[in-house]
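Enquirer: generate coordinates for the sequence data below:
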Amino acid sequence: MKIAIITETFLPSTDGVVTRLKESIKYLRSQEHEVVVIAPDLGVTEYEGAIVEGVKTTKMPFYRSREFSMPQRKVRDLLIKHDPDLVHVVNPALVGVSGVYYADKLNYPLIASYHTHVPKYLDYYRLYPFKPLVWWYFRKLHNYAHVNLCTSRAIKKELDAKNFHNVSVWDRGVAVDHYHPRHKNEEMRERLSGGKPENKLLVFVGRLAPEKEIHKIRPLLEQREDISLAIVGDGPVKDELVRTFEGTNTVFTGLLHGDELAQAFSSSDALIFPSVTETLGLVILESMASGLPVIAAKSGPTMEQVEDGKTGLLFENENTASMIEAIKRLEDGDLYETLCKNARIEAEKHSWQKPSEQILDYYYQTLKVYEESRAGSSKKTKIKATE
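Expert: Sure, this is the predicted structure:
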C-alpha cells in the first residue's frame, strides 16, 4: 500500500504528534508499505525510507516560535505525483485543509486524526466567543474523512457529541526502552535543580504556551522553598514565564532531546502536569516509563492514564491548595516508592507496537469504508436512472 500522510508538524519539530508519526512510519516501512509525508518544509527530505515532501512555510504574528504551512495547491500536485492508495491527514487545520479538500476532489480514501484540542485552547487566548465557529470548522473538515481517529476515550466522547462521524480511538504508546529509570543521573539532577539536588525536584516537559497553564505552579514554589522546578521546553510565552517564576527555585532548560530528555525525566522526583487541554499528553507516559509518578490536574484524558494513589496523584484544576496537598503526599516514602514502581509497570503495557499495528488496521478499515461508500453511491445512481 502507498500512504500519503499530510501533517501540520513533522521533523525536526518534536512533540507528541511527531513522535507518534515517527513510530507509525517505522512500523509501516517494516511491513514494506510505501509512505510519503507532506509537511512544512523544515529541511527534512527522508525518514526511515519514507519520502518527505516539504511545502512552503510562514510564521504567524501570534506564534513566532515555529513555522506553519498554509493551505496551498502544491498539496494537490504532490498527491497527483505520488498517487497514493490512501491519504491520512493529521490534525487538519491549515495545510491539512488542502489535504482534506484535494483528497476528496481526487477521490482518494481519507482518514483524519484529531490530536490538538484547538476549541479548548480558545479559552486561553480570549477567543472563546469563536468556539462554536471553530467546532463547526473542525467538524466539517473531519466529516469529509471516511474514518476519524482521536487519542483518548474522553475526546472520542466529546467528538461524538459534536457529531464528528465514525470516530475511533488510536491507542497511546511510549518508547519503553528509551525512557527508563536507569537514566537517572546526578549531574543532570544538579543542573535541573539549580544546584539544589537535595530539594524535591519537579519537572514540567512541554510547549511553553498559555493553554499549558504552567503559571499555576508558582504558588507552590512560593510556599515551599524545599521544592525545585525544571521547565523543559520552549514556546511563545517563555519570556513571560521567566518573569513569572523569577525569584523561585526554577530552571528553564530549553528544549532537550534524546538521552538528555530521558535523563531529565529519570533524574527528577515527579512530573507536574497542570494542563487540562490535552487530547492525551504523551509526556505522562514518558514520565511513567522513567519510573516517575505524575502530579496532574484532573481532566478526562489525564485520568485515563493516571490512577490517583497508584501511578500518580491528581489535584483539582485551578485549586492551589489541592495541588500543594498532592505534593505533600509525595513525602510518604512508602507511597512514593509504590508510585514509582507502579508507574513503570503501567508504562510497560503501552509500547509503540500496538498503536503502530492499529494504524495499519485503521487504514484497511478506511479502504473498506471507502469501497462501501462507492458501491452505495453507484447503487443509488442506478436506482435513480431507472426511475
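Enquirer: endpoints of stretch 249-268, how far apart?
Expert: End-to-end distance for stretch 249-268, by C-alpha to C-alpha, to the nearest Å: 14 Å.
Enquirer: my bad, should have said stretch 228-243
Expert: End to end - C-alpha to C-alpha - stretch 228-243 spans 16 Å.
Enquirer: so how many other residues sit close to K120?
Expert: 20 (other C-beta atoms under 10 Å). All C-beta spots, glycine's among them, are computed from the backbone N, C-alpha and C.
Enquirer: which residue packs closest to it, ignoring adjacent ones?
Expert: T277 (4.6 Å; C-beta to C-beta, 6 or more residues apart in numbering).
Enquirer: list the contacts of that neighbour.
Expert: Shown in contact with T277 (C-beta atoms under 8 Å, 6 or more residues apart in numbering): 117, 120-121, 124, 211-213, 299.
Enquirer: again, but for K56
Expert: 41, 69-70, 72, 74.
Enquirer: for L11, see how far away the nearest residue to K238 once chain neighbours are set aside is.
Expert: Nearest non-adjacent residue to K238, counting by C-beta to C-beta, 6+ apart: L208, 4.7 Å away. Distance from L208 to L11, counting by C-beta to C-beta, to the nearest Å: 20 Å.
Enquirer: the more surrounded of these two?
Expert: Each of L208 and L11 has its neighbours counted (other C-beta under 10 Å); L208 has more, 22 against 16.
Enquirer: let's verify the more buried one: helix, strand, or coil?
Expert: coil (DSSP: H, G, I helix; E, B strand; the rest coil).
Enquirer: wait, it touches I231, no?
Expert: Yes. Under the criterion of C-beta atoms under 8 Å, L208 makes contact with I231 at 7.2 Å.
Enquirer: joint contacts of these two?
Expert: 214, 241.
Enquirer: could I get the contacting residues of the residue nearest to K238?
Expert: 214, 231, 233-238, 241.
Enquirer: now L86
Expert: Listed by C-beta under 8 Å, 6+ apart, the contact partners of L86 are 1-4, 108-111, 363, 366-367.
Enquirer: by average pLDDT, which secondary structure element in the protein comes out worst?
Expert: strand 63-68 (a mean of 77; mean pLDDT, DSSP states H and E).
Enquirer: contacting residues around the helix or strand that it is followed by?
Expert: Downstream of strand 63-68, the first helix or strand assigned by DSSP states H and E is helix 74-82. Residues from elsewhere that reach helix 74-82 (C-beta under 8 Å, 6+ apart): 2, 4, 6, 36, 38, 51, 53, 55-56, 87, 95, 98-99, 102-103, 105-106, 108.
Enquirer: for the residues you listed, which PyMOL command selects only the ones that are buried?
Expert: Provided next is the PyMOL selection string for whichever of these are buried by 16 or more other C-beta atoms under 10 Å:
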select buried, resi 4+6+36+38+53+55+87+95+98+99+102+103+108
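Enquirer: mind listing which of the contacts of helix 74-82 are in helices?
Expert: 95, 98-99, 102-103, 105 (DSSP state H).
Enquirer: from those, which is closest to K131?
Expert: Nearest to K131 among the ones in helices among the contacts of helix 74-82, counting by C-beta to C-beta, is V95 at 22.9 Å.
Enquirer: can you tell me the SS state at H350?
Expert: Per three-state DSSP, H350 ends up coil.
Enquirer: look up how far S299 lies from it.
Expert: Counting by C-beta to C-beta - H350 and S299 are separated by 19 Å.
Enquirer: so between those two, which is more surrounded?
Expert: Neighbour totals were compared for H350 and S299, and S299 leads with 21 against 18 (other C-beta under 10 Å).
Enquirer: can you show me the strands along the stretch 151-300 of the chain?
Expert: 167-169, 200-205, 227-232, 250-254, 270-273, 294-297 (DSSP state E, counting those that start in this stretch).
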